[in-house]
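Show me the folded form of this:
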Amino acid sequence: MKLNTAASATLICIFLITSTFANAASVFKVTKDDKTLYLGGTIHILTAADYPLPEPFETAFAASDKLFFETDIAAMETPEFQAKILPVMMQPAGSILEQQLSESAWSSLNAFIDKRGIPSSQIQPLSPAGATLVLTITEYQLKGFTQEGVDKFYFDKGTSEAMPISWLETIDSQVALIGSLNELDPNMLVEYTLKDLSRGDEVIKNLHDAWKTGDMEKLTSVGLTEWKEEFPDVYADFMTNRNNAWYPQIIEMLKDDPIEYVLVGALHLAGEDGLIHLLEKDGYKVEKL
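Below you'll find the predicted structure:
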């Protein structure tokens, strides 16, 4: 199985734009008969300039009775979760990342982190998956993405207002998803990560613009099309299979009276395998707020 770093970008899902589009967003109202549900596309790390969030996010929140997230956000802050994720993110005792990489891949990685003032001693203990995620997060933080994301913002807000909160998949499934990156060719994974991060300004702006304006076509072309064509197996693991697992749960929400607000990574809404297309195909009306 091969991987483009769009996979790690899907997990992190971090995307700059001015406030010109303050009244547009990746927020959608779903209706059929007399039932309603809201879908919100999230980014897990934002810049200070992204707050306050576009008005449609608040509109959907105010109109909803219950919140749904990809996974249990509260559980991610527990020691139990740390115990599960650390073996995925770190090398086994006595091993270092350099031992898993070719001389060429390790040299490229060293050159990349040296330019950013990151000592190799911080990278050596990481697994290939851990290095991919840490390098990606660090790169975006250097570009000003240091604020909490949409999901954490509304999790905290919903909690403070005693709003019922649930999730679409377990913490264990998320850990397994990240762990699957360690089953790939580590040289390929690291080299693709470095390649993508080297053109980060372009990618970040395009994805961020598309998220901020709710442009599903642009999200598809920038974040999904190449990934699906070149790495269909990983695309299926990270996107199609998860969307298909979430979809029946969303349909059930549209059968009851409470109004749910479902907040998932924005890329899960876009494309022919995305939740919006699945809903429209089955006759649900989907309107951008």
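
make it CA atoms for all contacts and neighbour counts henceforth
OK.

Residue 170 contacts residue 72, correct?
Yes. Contact status for residue 170 versus residue 72: in contact at 6.7 Å, counting by CA atoms under 8 Å.

ok, now which ones touch the residue lying closest to residue 258 once chain neighbours are set aside?
Once flanking residues are discounted, residue 258 sits nearest to residue 65: 5.7 Å by CA to CA, 6 or more residues apart in numbering. Residue 65 makes contact with 163, 164, 258, 259, 260, 261, according to CA atoms under 8 Å, 6 or more residues apart in numbering.

Of those, just say which sits nearest to residue 44.
Taking CA to CA as the measure, residue 261 is the one of those closest to residue 44, at 16.7 Å.

which SSE is the closest one in?
Element membership for residue 261, per DSSP states H and E: strand 260-265.

next structured bit after that strand?
Next along the chain after strand 260-265, taking DSSP H and E as the criterion, comes helix 275-281.

Separate out the buried members of the contacts of residue 65.
Neighbour counting by 16 or more other CA atoms under 10 Å classes 259, 260, 261 among the contacts of residue 65 as buried.

now the strand holding residue 261: mean pLDDT?
If you average the pLDDT over strand 260-265, you get 97.

Show me what that strand is in contact with.
10-11, 13, 36-44, 60-61, 64-70, 151, 253.

if you set the cut-off to 6 Å instead, what comes out?
37-42, 64-70 (CA atoms under 6 Å, 6 or more residues apart in numbering).

And for stretch 80-89?
Here stretch 80-89 makes contact (CA under 6 Å, 6+ apart) with 126, 127, 130, 179.

buried stuff in it?
85, 87, 88, 89.

Format those residues as TSV; extra columns: secondary structure, pLDDT and distance to residue 227.
Listed next are the buried residues of stretch 80-89 as TSV, based on DSSP: H, G, I helix; E, B strand; the rest coil; pLDDT from 0 to 100; distance: CA to CA, whole Å:
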residue	secondary structure	pLDDT	distance to residue 227
85	helix	95	25
87	helix	95	27
88	helix	96	23
89	helix	96	23
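
would a markdown table of those residues with distance to residue 226 be doable?
Formatted as a markdown table, the buried residues of stretch 80-89 follow (distance: CA to CA, whole Å):
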| residue | distance to residue 226 |
| --- | --- |
| 85 | 29 |
| 87 | 31 |
| 88 | 27 |
| 89 | 27 |
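
thinking again about what came up before, more crowded one of residue 170 and residue 72?
residue 72 (18 against 12; other CA atoms under 10 Å).

ok, the more buried one - contacts?
Residue 72 neighbours (CA under 6 Å, 6+ apart): residue 167.

Can you check the pLDDT for it?
95.

the strands in the stretch 1-150 of the chain, which residues?
For the stretch 1-150 of the chain, the strands defined by DSSP state E, counting those that start in this stretch cover 27-32, 35-42, 45-46, 66-69, 147-148.
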